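Chemist: Sequence first, then the predicted structure, then my questions.
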Amino acid sequence: MSRIPDRQALQPERTALAWQRTALTAMVVMLPLIAVAARLEVWWLVVTGSSAAIAGAVLVLGVRLRFSQLRDDTRGWSPFPLMVRVAVVTLLGAVGGVATAVQVAVAHRP
Amino acid sequence: MAEGGGERPEGEHERRRPQSVYGVGDEPDPRFSMANERTALAWMRTALALVAGGVALISVASLADMPRWAPLVGAASCLGGAALSVRAVRSWARVERALRMRQPLPAPRSLAMLATGVVVLATLTLVLGVIEASRP
């Protein structure tokens, strides 16, 4: 008899799929950023974007672990650490975007 | 599905983080916790979409000869996405805490902020675009 009752329905699967979509989005968002930074030859931004894309890829792989946590009837698991990782990837993407915007605006200076 | 939440195993509240959430109340129905998790993830994807939109605009501005305000609008979108991702995590924590305390769920304040931000950004882009197009 499990202590946290009846998790063996479709709820964990739906939640894991939501994680999968989020992690894939986090990874894909970085790709145009890396391309533009490489075109502008801003190498620190290429490295930052690539690091964030790799972090996104690790999240995609981590979804499997989250799925097994969601199906664990013996104890509850916090989604907080994974959620913070997604937020950090989003923040890195935003910082990269702002830095690229500044570079582009400066490059277009008449 | 069982009604209500299950009992919390001994010492579990010490293992799960953050303590501000898991250190209070009782274990809620797992369905509600997972629904809260999925809602936070939907917000996170919205934040990522804002960042993606901003990055796309900046990318196009870097390739085409677009006016200087275009990358700045993209930057504003990126900043909005960054703020929304932080709010998503905080909102998840507030709702999970309310679920554990058997309190009414807090109102989704980010929804009005997001709608306002998107309308302001779209209007700004439209106005700047019209001004740019009407220049001789």
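Modeler: That came in fine, so what should we check first? Residues are numbered from 1 along each chain as shown, chains lettered A, B, ... in the order given.

Chemist: I'd like to know how many residues surround residue 23.
Modeler: Went with chain A since none was named. Neighbour count for A:A23, taken as other C-beta atoms under 10 Å in any protein chain shown: 26. Yep, even glycine has a C-beta here, placed from its N, CA and C like the rest.

Chemist: oops, I was thinking of chain B
Modeler: Every residue meeting other C-beta under 10 Å relative to B:G23 is counted, giving 13.

Chemist: Pull up the gap between it and chain A, please.
Modeler: For B:G23, the distance to chain A equals 12 Å [C-beta to the nearest C-beta, to the nearest Å].

Chemist: now do B:D26
Modeler: Distance from B:D26 to chain A, by C-beta to the nearest C-beta: 11 Å.

Chemist: And B:T123, by the same measure?
Modeler: In terms of C-beta to the nearest C-beta, B:T123 sits 20 Å off from chain A.

Chemist: neighbours of that residue, just the number please.
Modeler: By other C-beta under 10 Å, neighbour count at B:T123 equals 10.

Chemist: what's the weakest-modelled helix or strand in chain B?
Modeler: helix B:12-15 (a mean of 58; mean pLDDT, DSSP states H and E).

Chemist: After it, which helix or strand is next?
Modeler: helix B:19-22 (DSSP states H and E).

Chemist: Go through that next one and flag the buried ones.
Modeler: Judged by neighbour count using 16 or more other C-beta atoms under 10 Å in any protein chain shown, the buried positions of helix B:19-22 are B:V21, B:Y22.

Chemist: Centre of the chain to that helix, how far?
Modeler: 20 Å (C-alpha atoms, centre = their mean, to the nearest Å).

Chemist: those helices in chain B, which residues are they?
Modeler: B:12-15, B:19-22, B:30-63, B:69-100, B:109-134 (DSSP state H).

Chemist: CSV for the ones you listed, including distance to A:L82?
Modeler: CSV is the format used below for these (distance: least, C-beta to C-beta, whole Å):
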stretch, distance to A:L82
helix B:12-15, 16
helix B:19-22, 14
helix B:30-63, 10
helix B:69-100, 11
helix B:109-134, 20
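
Chemist: Low-confidence bits of chain A, can you list those?
Modeler: Along chain A, the model assigns pLDDT under 70 to residues A:1-8, A:108-110.

Chemist: Just the residues contacting stretch B:106-125, thanks.
Modeler: For stretch B:106-125, contacts defined as C-beta atoms under 8 Å, 6 or more residues apart in numbering or on different chains pick out B:43, B:46, B:73, B:76-77, B:80, B:84, B:87-88, B:91, B:94-95, B:98.

Chemist: which one of the helices of chain B lies closest to A:T22?
Modeler: Checking the helices of chain B against A:T22 by C-beta to C-beta gives helix B:30-63 as the closest, at 4.8 Å.

Chemist: between the closest one and helix B:109-134, how many degrees?
Modeler: 20 degrees (axes from the mean of the first three to the mean of the last three C-alpha atoms, to 10 degrees).

Chemist: Would you mark the buried spots in helix B:30-63?
Modeler: B:30, B:32-41, B:43-48, B:50-62.

Chemist: Could you pull up the mean pLDDT of it?
Modeler: Helix B:30-63 shows a mean pLDDT of 93.

Chemist: what ranges do the helices span in chain A?
Modeler: Going by DSSP H, chain A shows helices at A:11-39, A:43-70, A:80-107.

Chemist: So what's the residue count around B:L99?
Modeler: With other C-beta under 10 Å as criterion, B:L99 counts 21.
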